[in-house]
Each structure stands twice: as C-alpha cells, then as structure tokens.
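**Student:** attaching a predicted model along with its sequence, questions to come.
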Amino acid sequence: MAPSQFDSQILTSKPLISLSKERDDGKMVGVLSVWPPKSFEEAWPKATESRAEGLACEGWVARFKVWDVGSGAKDKVNHIRIPLSAIEVKYHVGRSITLRKVLEGRTNRTTPTVFNKWSMPFPAAISSQVNLLIILNTVYLLDLTLSKAVQEIRLPESDTNLSATQGFRPLRESLRLA
C-alpha cells in the first residue's frame with residue numbers, strides 16, 4: 001500500500017505499521033497503514049532525549065483501504081487518507097523515546113530490541129465491521145461510501161479519566177448517534 005506520488009516525496013517508503021481486519025461477514029477486508037514523514041525516519045534512531053523536540057511530528061498520514069472480497073473479484077471499495085494530529089503524534093513519540101531509553105540494552109522475549117531500529121509501538125485498531133478506526137487517541141467513524149471520516153472523537157488523554165461514568169459511556173453514546 002505505497003503512498004501516492006505526491007506523498008512518496010514526503011513520506012517514508014514503508015509504513016511504520018500496517019494491520020488488516022476482515023469484516024465479520026467475510027465480505028470486506030480493511031487495511032490500515034500509518035506513514036510518517038521521511039525526516040522522522042532519519043531522526044528517529046538518533047533520538048535520545050525523552051522528548052520529541054526536533055522530530056517531525058507533523059505530516060503523518062494514515063491510509064485505510066477497503067476491498068470487497070465477498071464476490072471473489074477483490075475490488076477496492078474505498079481508499080481513505082487521514083492526516084494525523086501532530087499533537088497526538090508528538091505525545092506518543094515522546095513516550096516511545098522514554099520507553100526506548102528504559103529498555104535500552106535489554107533483550108529477552110518480552111522486551112524486543114525493535115526500539116533501536118526504525119520501529120516503535122503504535123496504537124491502532126480496526127473494528128469488526130471495518131467502519132471504525134482507532135489511531136492514537138482518536139476514534140474515526142467512517143462512511144465507506146463517502147471515502148472519508150464522518151466523525152472524529154478524541155479519547156481522554158489521562159488514564160484517570162477512563163472511569164465507566166466519565167470516559168466510556170459518553171464515547172459509546174456518541175458513536176450511536178453517528
């Protein structure tokens with residue numbers, strides 16, 4: 001799932017992450033990939049401080065492609081391009097740098113050495129109906145016929161806000177209304 005010709009001048013040649021999900025009925029498959037800018041890829045291995053200063057946290061793009069596989073033809077139904085929030089990316093990158101420093105030099109099955117390479121954990125998920133994405137702290141409710149996200153919902157930034165009455169219930173109610 002390579003970036004467009006315009007994006008290929010700005011974005012990395014490989015996505016930071018790529019994941020896929022088959023819809024519950026088996027008729028559609030969605031593939032989500034996250035593409036940072038080339039300048040981030042170059043600076044990431046050298047990042048040693050526990051802050052994201054100097055790293056390119058703007059210009060990150062998520063791409064979501066959906067294929068109809070129920071007919072056997074595997075026709076692409078949709079291609080959605082989602083610019084990611086620079087603030088959310090910067091916050092996540094800062095936390096990843098801190099984690100990388102803590103894990104530096106450790107190698108075992110539970111702490112992989114990918115932190116020293118062009119890689120970092122990146123929170124993202126696709127719903128079982130292939131119409132909802134979670135990337136970093138944002139939920140994207142998609143209209144696959146319009147090729148765009150129709151609603152973005154920011155998740156609480158602090159773990160203390162994730163109680164059943166404060167965090168989860170309003171999010172569920174918001175999604176039902178969309």
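**Tutor:** Sure, I can see it. As the structure is a computational prediction, the values presented were derived from the model and not from experiment.
**Student:** contact partners for residue 70?
**Tutor:** 25, 26, 27, 28 (CB atoms under 8 Å, 6 or more residues apart in numbering). (Glycine included, C-beta is placed from N, CA and C.)
**Student:** ok, and the closest non-adjacent residue to the last one?
**Tutor:** If the residues on either side of it in the chain are set aside, residue 28 comes closest to residue 130, at 5.1 Å by CB to CB, 6 or more residues apart in numbering.
**Student:** quickly note the distance from the one you found to residue 59.
**Tutor:** 26 Å (CB to CB, to the nearest Å).
**Student:** more crowded one of the two?
**Tutor:** residue 130 (26 against 18; other CB atoms under 10 Å).
**Student:** okay, that one: pLDDT?
**Tutor:** Per-residue pLDDT puts residue 130 at 91.
**Student:** now do the contacts for it.
**Tutor:** Contacts of residue 130 by CB under 8 Å, 6+ apart are 21, 22, 23, 28, 29, 30, 66, 144.
**Student:** buried subset of those?
**Tutor:** Those of these that meet the buried threshold are 21, 23, 28, 29, 30, 66, 144, by 16 or more other CB atoms under 10 Å.
**Student:** which ones among those residues lie within strands?
**Tutor:** 21, 28, 29, 30, 66 (DSSP state E).
**Student:** wait, which of the residues you listed is closest to residue 126?
**Tutor:** The closest of those to residue 126 turns out to be residue 21 (CB to CB; 3.8 Å).
**Student:** what's the pLDDT at that closest one?
**Tutor:** On the pLDDT scale, residue 21 is placed at 96.
**Student:** so the closest residue to it other than its chain neighbours bridges to which residues?
**Tutor:** With sequence-adjacent residues excluded and distances taken as CB to CB, 6+ apart, residue 21 is closest to residue 126, at 3.8 Å. Taking DSSP bridges as the rule, residue 126 bridges to residue 133.
**Student:** what's the burial count for residue 126?
**Tutor:** 23.
**Student:** list the contacts of it.
**Tutor:** With contacts taken as CB under 8 Å, 6+ apart, residue 126 has the following neighbours: 19, 20, 21, 30, 32, 64, 132, 133.
**Student:** mind running it again at 10 Å?
**Tutor:** 19-23, 29-32, 64, 66, 132-135, 142 (CB atoms under 10 Å, 6 or more residues apart in numbering).
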